[in-house]
Every structure is written in structure tokens, then in C-alpha cells.
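In: mind looking at a prediction? Sequence and model below.
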Amino acid sequence: MTTDTTTKDTAPGAPAPGTTILDARGVTMRFGGLTAVNGVDLTVNSGEIVGLIGPNGAGKTTFFNCLTGLYIPTEGEVRYKGRVLPAKSFKVTAAGIARTFQNIRLFGNMTVLENVLVGRHTRTKEGFWSAVLRGPGFHRAEAASRERATELLEFVGLSAKADHLARNLPYGEQRKLEIARALASEPGLLLLDEPTAGMNPQETRATEELVFAIRDKGIAVLVIEHDMRFIFNLCDRVAVLVQGEKLVEGDSATVQGDERVVAAYLGEPLADDPGAAEAAEVEAAEAAQASSAPDTPESSEADTTTDTAAGKENDR
Amino acid sequence: MTTQTTAPKNTGAPAQGDTSGLIGIPANLGRALATGGGILTVVSTFLAWTWTAEFPGDLTVYGYPGGLQVLVLIAGAVTTLFGLASYGIKGLGWLAPAGADAALKFAALAAFATTWYTIIAISAQLGGVVNLEPGGYIAAAVTLIAFLGALALPFERPEPDPFDPDDTGWDQFKHTSSHNWQTIRAAFASKEPRPVRALPSSIEILIIVAVLALALLVFTYGIGTEYDELFVGFLIVSGFGFTALHRSGLISHATEITARHQNITICGAFIAAACFPFTQSDDQYATLGVYILIFATVALGLNIVVGLAGLLDLGYVAFLGVGAYAASMVSGSPSSPFDLHLPFWAAVLVGAAASLIFGVLIGAPTLRLRGDYLAIVTLGFGEIFRITANNLDGTSGPDVTNGSNGISSIPDLKILGFDLGISHDIGGFTLGRFANYFLLMLIITAVVVLVFRRSGDSRIGRAWVAIREDETAALAMGINGFRVKLIAFAVGASLAGLAGTVQAHVTYTVTPEQYLFAGTTPPNSAFLLAAVVLGGMGTIAGPLIGAALLFLIPNKLQFLDDYQLFAFGLALVLLMRFRPEGLVANRRRKLEFHEEADAPAVLSKTGA
């Protein structure tokens, strides 16, 4: 448990210099009559790893989608470094929030290096004419991008596979590549959506090290995960989301000791809500919203046309 | 389809299972028969095959092969070479880096099919086998022997899957026939070619020159075939011959060498193409050449939109039309509403700019749609353009396009005092009107190739491919999807407009009926898309080859007449079944180092 100790070492230190970089206030997301996320407040300080846990259907990914511009929150606002986030996901990335996806969404027919280079898109300016005319500026920018991308591949340990097609990578390496691609946009805050899903203990361990290394680069991390050992090893603070509402927030010990969290996870229904049915309802309503709502074009069209697995992705 | 994946593995593994040939002749005898048959095939082409010159190509002369006999001669020579190479004769090893057996089978098949096609065509046209000379019978016999001998060559048979005892008779039949099909596939399969030896770059460049010269030769021969039978023979020989070269591993070696010297290859290809008019004695085939080039250039422009950015555009020919109309209106044509005669460079800018504006106007509202919806809307806009051009005739609307009569008598171009409309003598060669336009069009093609290559390998090109692969993820990576797609649309449109400016001058007349969605004459939206898909999406050579084939086949096979579209549809279905990635596979698919990822299941992603 070496990492456990590092957490303890840095945990008291981190929040002190940390200024709030992400500030979500009263974020509410309604799909029709159904409230998937209800008045969630969450802050992330610089240099901090924050965990977001909760049972399936609790609204974690919906909350993520609200943060990254895939959904526009019905109420509340999200500020990043004091500025309200724009409503388009590519603008959010440009502002400095990068994310990975719960079910991996790499560009399968591009090489590993090209995937990371795509991540550099917002940090480079070369347009069409520059590409056609190929002046010295183009070559310089391209070389710099490649160098940076190669560095990132080395950082996540994929430099030997730079020329492979992304879809030929094994599962764990695809997750790493997604992280490298997100890091390429030079974010101040990285959102990881279940980064260890489907990994074996060794791979989970390696991912843990990777997340610490990312934090040590000065990038704040917000992570959704079901693996409790992973979360409690990793995070300075953990927030628990149950049925769209934030139940409790605090350090590992506080959350682990909270009865309501245990109850929520062990399936004892809170108040009068049948949890599972509610979750299914949320999913169904979101799917309906996704196929009908005109104001969320990115997510809705992705669900229906491009990716068969997308529905699960966006609706959790 | 588990058997399909096991078959190639078995062929790669040495000494596993049964290795006998498809038919029961001993392998040594089969090899001797195939090689000897190849030699005899070559000899038989020097005999007379028929007694009358009524069959085109004059196959009646002893000692001088003519017409289809030349094609058989080539196929026979290739068979002989691969036969000798399969004996491991020193100095021929380079011919078959992936093993000569499969190549020998295809070469023998090429000779066999061409000869028998010729024999049957003679008998059918002239009324009976009585019209054959002994030479014809000899040729038929030796090619059959060579082919049977080649079939007897050993190969790694795939392991049959065990029967399920509960199967019904129909299931068993399906099971058996699928295994038989696997066996036949395995019989014609070849091993992985060995890696290319490091050669001095001067020799590699010489190889590239030789390959390009061969390509020019094949293209010139194909375009110059004078009668249907010869073109069919050409298709048979080039189709099977190309497959034979592919199976022998020569093609993959050649691509590897050309990939090392890409710029030289592309420049060389343009020089080879520029040589084409000089190989022609009159303008007859240069006409075909320039039309092919216009078609191919527009297809390459469409490849940016469809192949790179994955936007299915079914109204693309409208951009060609806009460019052509714009150029014709400023060309000084008497039926143009503007009394304006701009120099060529200005007309090109006007044409490209008009297409660009039209592209942005159409793209801005439609690019919010995806996949099939985009396809339908672009199809609609393509038709709207044509109908609008038809109606702006002074009675249904303002007189701009002169309605269905179009803008006619477009004068020939004069560039820097060089009149493209008349013949010029250059170094002993006469270049006619169409040869001049061919060379001009080649410059436009070069521009399109340059734009395609450079934009494809850059930040914007990667963004296009990312959008094609997964739009949501691309947006989350900070790509402004709408903007990037609009750029792709606008670039594609202006490149088509560029080609349109030349097309207006080549055809003298611009009418709305040239810009249909689907028709029998090639530059229409359906054929453009087919050229891209057939040739290979996302490649440069693909649409060029696809367009050349799609133009030449209906043009040369006049006997198809009413069945042209039917034959086209059939060919498209067959190709999509057996080679869904197109004739020229994308570079990205060549990057696959893992044998298990060999399945070409990529089309569904980009196609819609």
C-alpha cells in the first residue's frame, strides 16, 4: 500500500495551496419530468483528486456530461476557473476540461499517435491553408505536436505502439490511450469516467500510479469509479451521488463510515424510492430525451446513429 | 463464419494436414504441365486461330499474333515465368516473393479464360466451331492443360469443421458447400510475402519508373482497344493478371518500394500521365483521356468529403455544374447573359469561388445532419441545382442559364497565347485539341492531389478522420465539428468547381442535363460515389482507378447498351461482397500488424 501513504502525505498539503478550479453549483438535469441530477454542488481544487461514486443510475455520468457540455444543465451553473463553462463540448475542452469515456471511444482506424495528435487540436492553430501551403510555421507546429504526443505516449507507456491502429490495442492500453489523448489537450482538470472498468488488479494498480502521476503534473482529476479500493486509495475527497442527489462528501474515512452510503450501496432503499426501478426510469427517460431533444445535438445524434454502444455511455 | 478465420492460418502453417492439389494429378506432373502449357500457349499464339478475317483483330496469320492473341501471349508468358519461378530457378526468385504457386494458378487461369473466351466468341460470331483453324484447337487445349496442371499444385487444405449430428440436410449442405468454398479459396491463397530487401535508392527509383511505365502501357492499351472483344479480353487478362501479381507478392513489394519514395512516385505518375497524349497518333483516345481525367478529378475531390470526413454527399455533381456554369458565363460565349471574357486564370478563380460559395450555402444548413439524413438532403440539393438551372431560362424565371439549351459555343481557351483549340506540333508529336485539354486537366488533377495529400496529413485532416470515426469523441477532444465539416464540404466543392471550369471548355456546351444524380454517362453523382467506393475510400489512387474503369467499361462495351446500369449494379454488388475496401486498400488498413485484425469490416463506419 505504498500509494496509500502517498495519498496521506499529499492529502493535507494539496487543498491548502489549491484554489477552486471547478465549481458546480446546484446543477440540475431534468429529462422531461424526471430529475437525473438534482441540485448537486461540487468543487474541485487544483492539484486534487476527487472521486465521484454512487450506485448504478445515480446520475454520475449525466453529471459528467453536464460538466463537459454534452448536456446543458436545466438549472445551476458550472464555473471553471471562475468562468461559466460554454455549452459546447469542444469549447469546454478548449477551456481546459478534458474527459475520457465510460465505454472507450477511441478513433479506431487511426494510429495511436494520430489519436493523441487529435487531442492536440485545440492547442494548435494550423488551418486548411497552412496545411496546403506548408510554410515553415506548419512544419514547426507539426513537429512540436508530434514531440508532445510522443512524450505523452511515453508518459502512459505506449510509445512502442505509436504506429499501431488504436482498435488493435488490448483493452487496458486503449484506456491508457484515451487518457493520453485527453491529456494532449493540456487540461487543467481531467474527468475520468470509470478508468478501471474491466481491468484486472495489476492494471488497476498501474492506472492508480498513472492518476497520481497526472496529479503530480498539476492537473486536477475528477474520477467516477465503482472500485472502492481504487477510489479510497486515490482520492483526497469523495462525493457520493445517490438518485441524483449528493448524499455525502468528505475524505475516505468519512465516506466509508457513513451509514447512508452503506445503505445506498447495499440496496436498502432510501425514504420511499425503489432504487432499481428509478434507475431504469432515468435511463429510459434520458434515451427518450436524447432522441427527441433538439438542444443536445451532439449526444442525441451519437446515440442514434454513430455508435451502437453510445446509449449506455451517455445515459448513466 | 469461424471457418473463414481459420483458413488463412492453416495456409500459413507449414506441413499441416493434407497438402494435395485440387485435382488428382501428381504435383510434379502438374507443375510440369502448367509450365509447359505456358510455353506452348506462347507458341500457339503464333498460329492461325481462324481462317477468316471477319473476326476482328486478324487471327489468321501464322507467325504473327494479333488482337486477342497478343493478350493470350502475355498471359502465357506470365504463366511460363511463374512456372519457372516455382521450380526455384535462380534469378527468377524476385518474381514471387510470396510463393509462385498461387500466382501460377491465376496466370494459367488468365490464359485459359482469354483463350476460351476468344474461341467461343469466334464460334458464336461466325457460326460454329468449323471456323476454327487447328491453331485455335491447339491453343484451347494447351491453355486447358496448363490450367489443370496449375490446379494440381499442392496447397494447405483447411481443416473441415466437424458436423453437428443434429443438423438437417439443408444445414449439412450449407456446411459442406462452405467448406468447399474455403478449400477453393485456400487453393488460390498465398503466403505472406517476404520483406523487401534493402536496395540502393537508385535501383528502387528505377523499379518505380518501370512500374509506372507498365501502368502507362496497360492504361494506353486499355483505352486504345478498338472493339468489344479485345476490351473484354483486356479486362480478363488485366484482372486475373493483376491478381496473379498480387498473389505472387510483387504488388506488395512494389507498394512498399513506392511508399519509400512517395514524392518521386507521385511526380513520376504525373509524368507518365503527361506522356499519354504523346503515345497517341490522333485525338480519338485523348478525348476519352480528358473525360476520364475530369471524372477522376471530381471523384478525388469527393473523396475528401466522403473518404476523409465521412460525409455522404449524393449531390456532388452540382458543384461541378456550378463551376462549369460560372466559367462558361465569363467565357465570352454568345449565349451567356454577361458580355464578359475573362482570361483563364480569372475564370478558374470565378468557377472555384462560385462552387465554394454554393458549397458553404448548402453545407451550412445541412451539415447539422448526420449519415443518411445528410445523404438525402444533399441528393435533394443536387437536383435543386439542376432544376433551377433548367428554369432560369427567361420564361420560368430570369434569363441566366439559358434553360435546357444551356450555354453553348463556349470558345476555346487561350493560355499565354497558346490556343488549346488547335493542333500543335511539339517535338515531332502532334497534340490535338483534346490532348491540349488533357494536359491542362492534368494540372488541375495535380492541384487536387496536392490538396488531398497535404490536407489529409495535417491537423485538419486528422480532425476529418476523427469526425468520421466518432463524432461525439471528436467534439469532446475539442474539435469544432461543424466548422471542420464545413471546411471539408467547401474544399470538396471548390475542387469540383475547378474541374468544372475546364469541363465547360472541353464540352463547348454546358447544359443542366450533364449534372444528373444518376445516368449512363459518367460524371453524375451516383457514378462519382461509385468511383470512390470501388476504388477505395480515403486513397488517392483508388478514385483515379475507379473512375477510369467506370468510364471505360460502359464506353468500350457498346454491346451492353441497355444493360449498362444493370451490369454496373452487378459489378458493384460483387465487388462489395468480395472486396469491400475497394480496389486500392487504405493506408490505415495496411498498418495492421496483427493478423487477426485482417477482416475488412470498415465500410459500415465510413459508408453511412
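Out: Looks like it arrived, so ask away. All figures in this text were calculated on a predicted structure; none of them were measured in a lab.
In: and stretch A:185-197, average pLDDT?
Out: On average, the pLDDT along stretch A:185-197 is 91.
In: mind listing what's buried along that stretch?
Out: Neighbour-count burial for stretch A:185-197 flags A:185, A:187-197 (criterion: 16 or more other C-beta atoms under 10 Å in any protein chain shown). Bear in mind the C-beta positions are built from the backbone N, C-alpha and C, glycine included.
In: again with stretch A:116-133
Out: A:116-124, A:126-128, A:130-132.
In: so of those, which ones are in helices?
Out: Those of the buried residues of stretch A:116-133 mapping onto helices are A:116-119, A:128, A:130-132, per DSSP state H.
In: re earlier: just the buried residues of stretch A:116-133 that are near chain B?
Out: A:117-122, A:124, A:126-128, A:130-132 (C-beta under 8 Å from any C-beta of the partner chain).
In: would you reformat those residues as CSV and include pLDDT?
Out: Converted to CSV, these look like this (pLDDT from 0 to 100):
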residue, pLDDT
A:117, 94
A:118, 93
A:119, 92
A:120, 92
A:121, 91
A:122, 89
A:124, 87
A:126, 85
A:127, 86
A:128, 88
A:130, 88
A:131, 88
A:132, 88
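In: relative to residue B:387, which of the residues you listed is nearest.
Out: Proximity of those to residue B:387, judged by C-beta to C-beta, is greatest for residue A:128, which lies at 31.7 Å.
In: my guess is that closest one contacts residue B:491, does it?
Out: Yes: applying C-beta atoms under 8 Å, one finds residue A:128 in contact with residue B:491, separated by 6.5 Å.
In: need the overlap of contacts for the two.
Out: Residues within reach of residue A:128 and of residue B:491 at once, by C-beta atoms under 8 Å, 6 or more residues apart in numbering or on different chains, are residue B:455.
In: which residues touch stretch B:59-67?
Out: With contacts defined as C-beta under 8 Å, 6+ apart, stretch B:59-67 is touched by B:45-53, B:56-58, B:68-69, B:72-73, B:118, B:122, B:133, B:135-136, B:229-230.
In: excluding chain neighbours, what is closest to residue B:509?
Out: Leaving aside its sequence neighbours, residue B:509 sits nearest to residue B:408 (C-beta to C-beta, 6 or more residues apart in numbering or on different chains; 4.4 Å).
In: quick one, phi psi at the one you found?
Out: Main-chain dihedrals, residue B:408, degrees, to the nearest 10: phi -110, psi 180.
In: list the buried residues in stretch B:78-92.
Out: B:78-86, B:92.
In: got phi/psi on residue A:78?
Out: phi -120, psi 120.
In: contacting residues around it?
Out: Contacts for residue A:78 (C-beta under 8 Å, 6+ apart) come out as A:22-25, A:27, A:66-67, A:84-85.
In: can you rerun that using 6 Å?
Out: Residue A:78 makes contact with A:24, A:67, A:85, according to C-beta atoms under 6 Å, 6 or more residues apart in numbering or on different chains.
In: what's the ChimeraX syntax to select whichever of the residues you listed are buried?
Out: Buried residues among those (16+ other C-beta under 10 Å), as a ChimeraX selection:
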select /A:24,67,85
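In: let me know the closest of the contacts of residue A:78 to chain B.
Out: Checking the contacts of residue A:78 against chain B with C-beta to the nearest C-beta, the nearest one is residue A:67 at 11.3 Å.
In: on the pLDDT front, check the nearest residue to that closest one once chain neighbours are set aside for me.
Out: Nearest non-adjacent residue to residue A:67, counting by C-beta to C-beta, 6+ apart: residue A:78, 5.7 Å away. For residue A:78, the pLDDT comes out at 91.
In: pretty sure residue B:299 sits against residue B:533.
Out: No: using C-beta atoms under 6 Å, residue B:299 is not in contact with residue B:533; the gap is 9.9 Å.
In: chain B contacts on the stretch 101-250 of chain A?
Out: Residues of the stretch 101-250 of chain A lying near chain B by C-beta under 6 Å from any C-beta of the partner chain: A:105, A:107, A:109-110, A:114, A:117-119, A:121-122, A:124, A:126, A:128, A:131-132, A:165, A:168, A:185.
In: which secondary structure element is home to residue B:365?
Out: Counting by DSSP states H and E, the element that carries residue B:365 is helix B:344-366.
In: can you pull the buried residues of that helix?
Out: Neighbour-count burial for helix B:344-366 flags B:344, B:347-352, B:354-360, B:362-363, B:366 (criterion: 16+ other C-beta under 10 Å).
In: can I get it as CSV, trimmed to CA atoms?
Out: The C-alpha trace of helix B:344-366 is given here as CSV (Å, rounded to 0.1, in the frame of the first residue of the first chain):
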residue,chain,number,x,y,z
PHE,B,344,-8.4,31.6,-67.9
TRP,B,345,-6.8,32.2,-64.6
ALA,B,346,-9.7,34.5,-63.6
ALA,B,347,-12.3,32.1,-65.0
VAL,B,348,-10.8,29.4,-62.8
LEU,B,349,-11.0,31.6,-59.7
VAL,B,350,-14.6,32.5,-60.6
GLY,B,351,-15.5,28.9,-61.0
ALA,B,352,-13.9,27.7,-57.8
ALA,B,353,-15.2,30.7,-55.9
ALA,B,354,-18.8,30.1,-57.1
SER,B,355,-18.6,26.4,-56.1
LEU,B,356,-17.1,27.4,-52.8
ILE,B,357,-20.0,29.8,-52.1
PHE,B,358,-22.6,27.3,-53.2
GLY,B,359,-20.9,24.6,-51.1
VAL,B,360,-21.0,26.8,-48.0
LEU,B,361,-24.6,27.8,-48.7
ILE,B,362,-25.6,24.1,-48.9
GLY,B,363,-23.3,22.9,-46.2
ALA,B,364,-24.2,25.4,-43.5
PRO,B,365,-27.8,24.2,-43.0
THR,B,366,-27.3,20.6,-44.0
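In: quick one: mean pLDDT for it?
Out: Rounded mean pLDDT across helix B:344-366 is 92.
In: check whether the helix or strand just after that helix comes near chain A.
Out: Remark: after helix B:344-366, the chain's next helix or strand is helix B:371-391, criterion DSSP H and E. Yes: shown here: helix B:371-391 in contact with chain A (C-beta under 6 Å from any C-beta) through residue B:371.
In: what is the mean pLDDT for the helix or strand that helix B:371-391 is followed by?
Out: As assigned by DSSP H and E, the chain's next helix or strand after helix B:371-391 is strand B:414-415. Strand B:414-415 shows a mean pLDDT of 82.
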